[in-house]
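Asker: predicted model follows, preceded by the sequence.
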Amino acid sequence: MLINRIYRKYLKNNLFMRMIFLFSVITIVTIIILAYLMFHFMSQSVVQRQLDIQKGAIQTVSNYIRDKYDSVQVMMRDVYRDGDLTSNTSYFLEHTYEEYVKYRLDRFYTESGAPGDTVKYFRNRVEDDPNIVSLMLYSAEQQYLYAYKNRDFKIVSTNASRSYVPDAMYLEVGSNVSVPNIWVRKASDIAESPMFSVRVPINNKSSLRNIGQLLVYFDSERIWDSLDNYKGDFKGTILVLSSAGDVIFDSSDTYYGHKYPYIEQVNTLYDSDVVKEGMSITKLTDTQGGFTVLSVVPKSEFAASYRGIRNTILTVSLICILFAIVVSSLFINGFAKRTHSIIRFTRKVKNGDMTARIKDVRDDELGQISKSFNDMLEELNLYIDRVYKAEIKQKHTELAALEARVNPHFLYNTLEVIRMRAISQGATDVGEMIYSLSVLFKSYVQQKPRYTLKDELEACRLYLELFRIRYKDKFSYHIQCDKKLEDKVVLKMSLQPIIENYILHGMRTDKTDNQISVTVVGEDENLRVEVRDNGQGIYPERLAEVKQGLLNPNEYSESFGLRSIHERLKLLYGSFYGVDVQSEIGKGTAVTVWFPDLREDGTHDV
């Protein structure tokens, strides 16, 4: 109800308020759509950039752990490639340490140096890589654990009756990355700290029998060093999971050393990038190392990264909306004031003040309307005067015609009686003449709402037919008009007086070749009708008087028919239209009449 009341009061009859309202709605909707699209595009770009950062971060972590995994593989590969080192390592794991020392001393004396010391080789590996917390060789047959920590070398007995280490080693046989086994860590007296282990089985090269394992513990905190390029950029949490789901590394320090509670959901993810339960999860799995690197980012953190963009776009959009509405309102208000000024002047004209004028000198559309309005008033004043005179002249013409039509119905009946009498007496030519005269008079008397060129040409034909019958072989006529032009609107009695002048003044009755032609031609937006005869012609002095009479109709009283046609055309349609007469003694006369190409409603473009 309130909206309806506001609409009726401010919008219904106020075009400019509707324009401001419509423009404001379009502006607001457009800016909102553009702002949304811009925000969507930019936020997607920010999210994509953040996802790229997350991918780069987990790729770096994966590469770091893979490098450590590969370094352990290289250790064993170098052992297998060196025959002396391979045999010494096999002996080292298949015998007690005292027997290995004695074995090495024997070879030292017999083989001049005995290269390939297993203990020294692995000690050097530990010293080469500062990220190694501890390196351990486990002998499955002797159930001993040889542990390297910094420069220390320690031998730990892991007899199954006093330790769970053999069981743990048996259950965890394989080549993968995992968290350190608690029993192995305690047996080797390694302090509890974030670490990850790489386990590689050791086989006897000759028998291919498993004789032990190589375990290397790396400091998980060093993973942070690989993320130096991403610190402050990546969001959420980066985790490294073993194949069993244990957390090897956790950037949030929440799940390290525990089984990841969402490992089942992670294992069901096939895509590397998914959004699940409000979390964006990026997953990267290393099949050889058997570990998975995850990036878990809450969507709220992504939203925080583009919150500043959202606020900026919102502020700019509000400023643009306010600016657009204010500027457009000021502009339309000025436009409305000028329009109301025009409306006030039109009301003055409506009340009869034909001297009112609009003072607006601008060249825009309203200025042109004002100028056109002023010009229209000038033309209207001239047109009123011109039409008034034309109507008076038309009334005079009609009055003269009416005076000649004394009791037309009595005349029709009388002519019809005479015609029938002539036919009954065998005078058919007289009957035809009376018929043509009757139809001609009838066309003059009838008041048609739309008088066309076809009607005027038919009146001319009937008039000419009278004299063709009268003079028989001495007179002929020809009327030529395109069918497309017959429906054009013309003035009544605009051609017949010209033909009448020829019959009365130009025809030579002593000749047998009297001819008259009426030709209608369309030229541009006008009609040109030429009435040409081969009659006596007009003397130059008389022709000059006729032309002067056309130019100054009020000073001459002769040639009423031509002057009437000429003056009516000029008064109604303009100075371009009218009658032109050309004649030559002994050769004939040509009268040209110019009509406008009127529309169906009887108007034309001046």
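Answerer: Happy to help now that I have it. Residues are numbered from 1 along each chain as shown.

Asker: from here on, contacts and neighbour counts on C-alpha atoms
Answerer: Fine.

Asker: helix/strand/coil for residue 252?
Answerer: Assigned with DSSP: H, G, I helix; E, B strand; the rest coil, residue 252 falls in the coil class.

Asker: what mean pLDDT does the helix or strand harbouring residue 382 get?
Answerer: Using DSSP states H and E, residue 382 sits within helix 365-403. In this model, helix 365-403 has an average pLDDT of 69.

Asker: for the lengthiest helix in the chain, packing partners?
Answerer: Determined from DSSP state H, the single longest helix within the chain is helix 15-81. Counting contacts by 3 or more Cα pairs under 8 Å, 6 or more residues apart in numbering; DSSP states H and E, helix 15-81 is packed against helix 83-94, strand 195-203, helix 223-226, strand 279-286, strand 291-298, helix 299-305, helix 307-350.

Asker: so how far is that helix off the chain centroid?
Answerer: 28 Å (Cα atoms, centre = their mean, to the nearest Å).

Asker: now swap in stretch 203-214 and tell me
Answerer: Distance, stretch centre to chain centre, for stretch 203-214: 73 Å (Cα atoms, centre = their mean).

Asker: pull out the buried positions in it.
Answerer: Under the neighbour-count criterion of 16 or more other Cα atoms under 10 Å, stretch 203-214 has 203, 204, 210, 211, 212, 213, 214 buried.

Asker: what does it rub up against?
Answerer: Here stretch 203-214 makes contact (Cα atoms under 8 Å, 6 or more residues apart in numbering) with 80, 86, 90, 93-94, 135-141, 169, 173, 199-202.

Asker: buried subset of these, written for PyMOL?
Answerer: Buried members of these, defined by 16+ other Cα under 10 Å, are picked up in PyMOL with:
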select buried, resi 80+86+90+93+94+135+136+137+138+139+140+169+199+200+201+202
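
Asker: my reading is that residue 116 lies in a helix. Confirm?
Answerer: No - counting by three-state DSSP, residue 116 falls outside a helix, being coil.

Asker: which residues does it contact?
Answerer: Applying Cα under 8 Å, 6+ apart, one finds that residue 116 lies in contact with 82, 84, 85, 86, 88.

Asker: mind checking which of these are buried?
Answerer: In the contacts of residue 116, burial by neighbour count holds for 84, 85, 86, 88, counting by 16+ other Cα under 10 Å.

Asker: what sits closest to the first one if chain neighbours are left out?
Answerer: The reference is to residue 84. Of all residues not flanking residue 84 in the chain, residue 116 sits nearest, at 5.3 Å (Cα to Cα, 6 or more residues apart in numbering).

Asker: so what pLDDT did the one you found get?
Answerer: Residue 116 is assigned 77 on the pLDDT scale.

Asker: separation between it and residue 79?
Answerer: 9 Å (Cα to Cα, to the nearest Å).

Asker: shared neighbours of those two, anything?
Answerer: In contact with both residue 116 and residue 79: 85, 86, using Cα under 8 Å, 6+ apart.

Asker: backbone phi and psi for the residue lying closest to residue 187 once chain neighbours are set aside, please?
Answerer: Among residues not flanking residue 187 along the chain, residue 156 sits closest, at 7.0 Å (Cα to Cα, 6+ apart). Torsion angles at residue 156 (phi, psi; degrees, to the nearest 10) stand at phi -120, psi 130.

Asker: same check, this time on residue 552
Answerer: phi -130, psi 80.

Asker: could you check the pLDDT of it?
Answerer: Residue 552 is given a pLDDT of 78.

Asker: that one - how many residues pack around it?
Answerer: 12 (other Cα atoms under 10 Å).

Asker: any idea how far it lies from residue 564?
Answerer: 12 Å.

Asker: cool, and residue 121?
Answerer: From residue 121 to residue 564 the distance is 134 Å (Cα to Cα).

Asker: just residue 190 next, same as before
Answerer: Using Cα to Cα, one gets 131 Å for the distance from residue 190 to residue 564.

Asker: looks to me like residue 154 is in a helix.
Answerer: No - with three-state DSSP as the criterion, residue 154 is strand rather than part of a helix.

Asker: next up, the contacts around it.
Answerer: Residue 154 is in contact with 146, 147, 148, 188, counting by Cα under 8 Å, 6+ apart.

Asker: likewise for residue 131?
Answerer: 218, 219, 222.

Asker: who wins for most neighbours among those?
Answerer: residue 218 (25 neighbours).

Asker: Provide the backbone phi and psi angles at it.
Answerer: Dihedral pair for residue 218: phi -110, psi 150, per degrees, to the nearest 10.

Asker: who does it bridge with?
Answerer: Here residue 218 shows beta-bridge partners residue 132, residue 196, assigned using DSSP bridges.

Asker: shouldn't it be in contact with residue 136?
Answerer: No - Residue 218 lies out of contact with residue 136 (Cα atoms under 8 Å); the separation is 11.8 Å.

Asker: flag every buried residue along stretch 116-127.
Answerer: Buried, per 16+ other Cα under 10 Å, within stretch 116-127: 116, 117, 118, 122, 123, 125, 126.

Asker: dump those into CSV; add distance to residue 570 as well.
Answerer: Formatted as CSV, the buried residues of stretch 116-127 follow (distance: Cα to Cα, whole Å):
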residue, distance to residue 570
116, 130
117, 131
118, 129
122, 124
123, 125
125, 120
126, 120
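
Asker: quick check: which ranges of the stretch 151-300 of the chain have low pLDDT?
Answerer: Residue ranges of the stretch 151-300 of the chain with pLDDT under 70: 160-175, 270-278.

Asker: repeat that with 50
Answerer: Applying pLDDT under 50 to the stretch 151-300 of the chain picks out no residues at all.

Asker: what do you get for the stretch 401-550 of the chain?
Answerer: Flagging of the stretch 401-550 of the chain using pLDDT under 50 yields the residue ranges 402-403, 405-407, 409-410.

Asker: could you pull out the strands for it?
Answerer: Here the stretch 401-550 of the chain has its strands, by DSSP state E, counting those that start in this stretch, at 475-480, 514-523, 526-533.

Asker: next up, phi/psi of residue 216, please.
Answerer: Main-chain dihedrals, residue 216, degrees, to the nearest 10: phi -120, psi 120.

Asker: contacts only, for it.
Answerer: For residue 216, the contact set (Cα under 8 Å, 6+ apart) comprises 72, 132, 133, 134, 135, 136, 197, 198, 199.

Asker: excluding its backbone neighbours, what's nearest residue 176?
Answerer: Nearest residue to residue 176, sequence neighbours excluded (Cα to Cα, 6+ apart): residue 289, at 4.8 Å.

Asker: that neighbour and residue 202: what is the separation?
Answerer: Using Cα to Cα, residue 289 is found at 17 Å from residue 202.

Asker: equivalent analysis for residue 560, please.
Answerer: Between residue 560 and residue 202 the distance is 137 Å, computed by Cα to Cα.

Asker: residue 569 belongs to a helix, doesn't it?
Answerer: Yes - applying three-state DSSP, one finds residue 569 inside a helix.

Asker: on that earlier part again, pick out the lowest-pLDDT one from the buried ones among the contacts of residue 116.
Answerer: residue 84 (85).

Asker: what ranges does the stretch 451-600 of the chain have for its helices?
Answerer: Using DSSP state H, counting those that start in this stretch, the helices of the stretch 451-600 of the chain run over residues 453-471, 496-501, 540-551, 560-573.

Asker: in contact with the nearest residue to residue 242 once chain neighbours are set aside, which residues?
Answerer: Leaving aside its chain neighbours, residue 242 sits nearest to residue 291 (4.5 Å; criterion: Cα to Cα, 6+ apart). Taking Cα under 8 Å, 6+ apart, we find residue 291 in contact with 176, 177, 178, 240, 241, 242, 243, 285.
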